[in-house]
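Engineer: Predicted coordinates and the sequence they were generated for:
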Amino acid sequence: MKRYDRLVFVSNSDTALGPMAEAILQNKFLLDVLEVTSKGAVVLFPEPINPKAEAVLVSNGLTMKEHMSAPLLAEDFAERTLILATSESVRQKVQSQFGEAADGLRTLAEFVGERRDVSDPYGGGLADYGLSFGELDALIAKLVLQLNEEELLC
């Protein structure tokens, strides 16, 4: 029996790192179906993906041009949902907002056994978004291996 039916990447505003992570994972091979989405810790109104994030995705053969930011909700903390924050600061923000519901929340890097955050490209140039994409891609490659291994063991 698989552990997760859904995976939510949580970034600050759900306009760059979260959608990039979502696009990357949606284009990887998983042994079982997993609904993948992204949400924001601070989303006051829906916004499209950051144009620089979309440009980096397109240059890597991906797109999230239809993406609109959405806030993380209490309902997202379901039993078979894995929620991964893009950074420690986002994790802390979510934990302070949702309390005990977010007790199991970890960062993407922490989940795959690393001790670092994904660089936040906000305010930077296209190269900064490209660097963040590369970091996400490497961490998500490890995530895919871990999820597939867990699937084989279940």
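Structural biologist: Thanks, I have it.

Engineer: Any idea how many residues pack against Phe133?
Structural biologist: Counted by other CB atoms under 10 Å, the residues lying close to Phe133 total 25. Yep, even glycine has a C-beta here, placed from its N, CA and C like the rest.

Engineer: buried stuff in the helix-or-strand element of the chain with minimal mean pLDDT?
Structural biologist: When the helices and strands of the chain are scored by mean pLDDT, DSSP states H and E, helix 126-153 comes last with a mean of 94. Using 16 or more other CB atoms under 10 Å as the test for burial, helix 126-153 gives 128-133, 135-136, 139-140, 143-144, 147, 151.

Engineer: And the helices in the protein, which stretches?
Structural biologist: According to DSSP state H, the chain carries its helices in the segments 17-26, 51-59, 88-98, 108-111, 126-153.

Engineer: between those, which gets nearest to Phe77?
Structural biologist: The minimum distance between Phe77 and these falls on helix 88-98, with 6.7 Å, by CB to CB.

Engineer: can you give me the mean pLDDT across the closest one?
Structural biologist: For helix 88-98, mean pLDDT is 96.

Engineer: between that helix and helix 17-26, how big is the angle?
Structural biologist: Here the directions of helix 88-98 and helix 17-26 differ by 100 degrees (axes from the mean of the first three to the mean of the last three CA atoms, to 10 degrees).

Engineer: residues near Ser96, how many?
Structural biologist: By other CB under 10 Å, 10 other residues sit near Ser96.
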